[in-house]
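Asks: I would like to see how this sequence folds:
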Amino acid sequence: MASVNKVILIGNVGGDPEIKYMPNGEAVANFSIATTDQWKDKQGQKQERTEWHRIVAYRKLAEIVESYVKKGKSVYISGAIQSQKYTDKQGVDKVSFQIVADELRLLDRAQEQQQQSAPKESAPPADFDDFMDDVPFN
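Replies: Numbers count the residues shown, from 1 in each chain. Predicted coordinates:
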């Protein structure tokens, strides 16, 4: 049976991306975006809920993120959701989720002339596990 792991998000970047380089020199970008749902409750009052999504981009897409993505910018992201198990400082096993981006589009009007998209790169590089040993997920 076939399966699909595809996530599409449009949101605002929560902080400037963190860029790191793997031992082979390839870039990895980590940043978060916020998506907000709005609705009216039974009393007609406006309600709002914001969700934060951790995004990771590799290689050329990470280089584009480094050059163009900044806090507050509106972006379109597509990719796959990935879970990671880790143990926190208190020894409790936890699971975190991130979106491994394979496409990025800048949505801010001022950047429409520079809108960026990169080829799909959904698979982490081969030496990713060694690199991830140094990255805390607390």
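
Asks: distance of the residue positioned nearest the centre of the chain from Val95?
Replies: When the chain is reduced to its mean C-alpha position, the closest residue under C-alpha atoms, centre = their mean turns out to be Ile55, at 1.2 Å. According to C-beta to C-beta, to the nearest Å, Ile55 stands 17 Å off from Val95. Backbone N, C-alpha and C define where each C-beta goes, glycine included.

Asks: tell me if Gln47 really is in a helix.
Replies: No. Gln47 is assigned strand when assessed by DSSP: H, G, I helix; E, B strand; the rest coil, not a helix.

Asks: could you report the neighbour count for it?
Replies: Neighbour count of Gln47, defined by other C-beta atoms under 10 Å: 10.

Asks: what bridges to it?
Replies: Gln47 forms beta bridges with Trp39, as assigned by DSSP bridges.

Asks: enumerate every residue touching it.
Replies: Taking C-beta atoms under 8 Å, 6 or more residues apart in numbering as the contact definition, Gln47 lies against Gln38, Trp39, Lys40, Asp41.

Asks: and it, how far is that from Ile99?
Replies: 25 Å.
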